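Trainee: Kindly generate the corresponding structure for this input.
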Amino acid sequence: MKLHYMGRFSGDTSTLPHGEHKPGAVPFREIQDPQKLALAANGIALALLVVLLAAGAVRGGAYYSFAQFLLGWLLAMAILFPHELLHAVCFRGDVYLYTNWRQGMLFVTGPEDMSRGRFVLMSLLPNLVFGLAPYLLGMAFPRLYFLLVWGAAALCMGAGDYLNVFNALTQMPRGARTYLYQFNSWWYQP
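Mentor: Model (predicted):
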């Protein structure tokens, strides 16, 4: 994997690096516009955050303190770039990291194709490591309430990733491969 930090995403999807379309490639049925995707992902994230924090409050609410809440939130913000780096390590070739703070997004993209399994792993890996693991530890040890907050916030950061996983699992047939072209995913049968 070779990471290229590209800085601020201009919003022009035609500037994103991509390879050539594969013969017979089919576009994912997904949101095409980055701004609409950001709105949908942020809506999913907010709903998920409410559910996860409510469950965390039931389990660890007796140990709530503003200091623990703040620490959890700061840890979640601190893993924004590491989250994207965990996506990036699932690529074998060139991968490009962009920021889009106005829509609350950071993302990586790359021109290579990958199996459905690797695409799902690439999409979920940072959410499992930085979200699910701390959240479950916080649920197991409620005195460490900051872990609940960290995990809940980090899991919500993956809302766009969950959309990718849903699309891959429901639209790609067995044996298909996927690739990113501009801002969207495509699949094909090799």
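Trainee: in this protein, which segments are predicted with low confidence?
Mentor: Scanning the chain for pLDDT under 70 picks out the ranges 103-104.
Trainee: mind listing the helices for this structure?
Mentor: 34-60, 66-78, 80-88, 116-127, 133-140, 145-156, 159-171 (DSSP state H).
Trainee: what about Tyr5, distance to Leu37?
Mentor: The spacing between Tyr5 and Leu37, counted by C-beta to C-beta, to the nearest Å, is 21 Å. (Glycine included, C-beta is placed from N, CA and C.)
Trainee: So which of these two has more stuff around it?
Mentor: Leu37 (20 against 10; other C-beta atoms under 10 Å).
Trainee: mind checking how far the closest residue to that one other than its chain neighbours is from Asn164?
Mentor: Leaving out its chain neighbours, the residue that sits closest to Leu37 by C-beta to C-beta, 6 or more residues apart in numbering is Ile31, at 4.4 Å. Using C-beta to C-beta, one gets 11 Å for the distance from Ile31 to Asn164.
Trainee: quick one on the thing from earlier: need the winner for burial among the helices of the chain.
Mentor: helix 145-156 (a mean of 26; mean count of other C-beta atoms under 10 Å).
Trainee: Give me the contact list for that one.
Mentor: 45-46, 48-49, 52-53, 56, 59-60, 63-65, 68-69, 71-73, 75-77, 79, 83, 126-127, 130-139, 141-142 (C-beta atoms under 8 Å, 6 or more residues apart in numbering).
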